[in-house]
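Visitor: sharing a model prediction with you, sequence too.
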Amino acid sequence: MSGRYPTMTKRPPEVIALAVLLFAAAAIATVVSFSLFVPGTALDRMWNLNPAAHEAFAAQAGHTATILLLAGVLAAVAGAGLLRGRLWAWLLSIALFGVNALGVVVSLLVTRDWPRSLAGILIDALLLFLLLRAKVRAFFLNRA
């Protein structure tokens, strides 16, 4: 494969930024998951930011918390793998942001919240664009 892509040995800055974002997402997912598994803590105050989400999540707290915890673990693993230049982490990151984009579209269909959904779609599109840029692609594909 190295013949098809220019050699890229230095980690592109986009990779660092995406890894940091994945670590932040992992931390947020873990905190939200914990607040659903263990209600009544000081963390419950965060739900004041989005009471509708809390109502929806609390109805299925066990399932939602488990899924969020899994998503957090996957995000942390993907972030660590990106920093190490692992192809599987690049592919996992593409999958995570792609699935998130699909989730935003489903949310739009359910809630009709155009401003929030449009922002989510644009952010996911930007993150996928960064992952699929030629120099980022070359960094991971030349290491495979």
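Guide: Okay, I see it.
Visitor: and residue 115, what's its pLDDT?
Guide: Residue 115 carries a pLDDT value of 91.
Visitor: that one: which element?
Guide: Element membership of residue 115, judged by DSSP states H and E, is helix 114-132.
Visitor: now do residue 109
Guide: Assigned by DSSP H and E, residue 109 falls in helix 87-111.
Visitor: who are the packing partners of that helix?
Guide: helix 13-37, helix 61-83, helix 114-132, helix 134-141 (3 or more CB pairs under 8 Å, 6 or more residues apart in numbering; DSSP states H and E). C-betas here are computed from N, CA, C, even on glycine.
Visitor: after the first one comes which helix or strand?
Guide: Going down the chain from helix 13-37, the next helix or strand is helix 51-59, by DSSP H and E.
Visitor: and that next one, what does it pack onto?
Guide: Packed on helix 51-59, when contacts are counted by 3+ CB pairs under 8 Å, 6+ apart, are helix 13-37.
Visitor: now the helix it packs on: buried residues?
Guide: 14-15, 18-19, 21-23, 25-26, 29-30, 32-36 (16 or more other CB atoms under 10 Å).
Visitor: which one of those is nearest residue 50?
Guide: residue 32 (10.3 Å; CB to CB).
Visitor: mind checking how far the closest one is from residue 49?
Guide: Applying CB to CB, to the nearest Å, the value for residue 32 to residue 49 is 11 Å.
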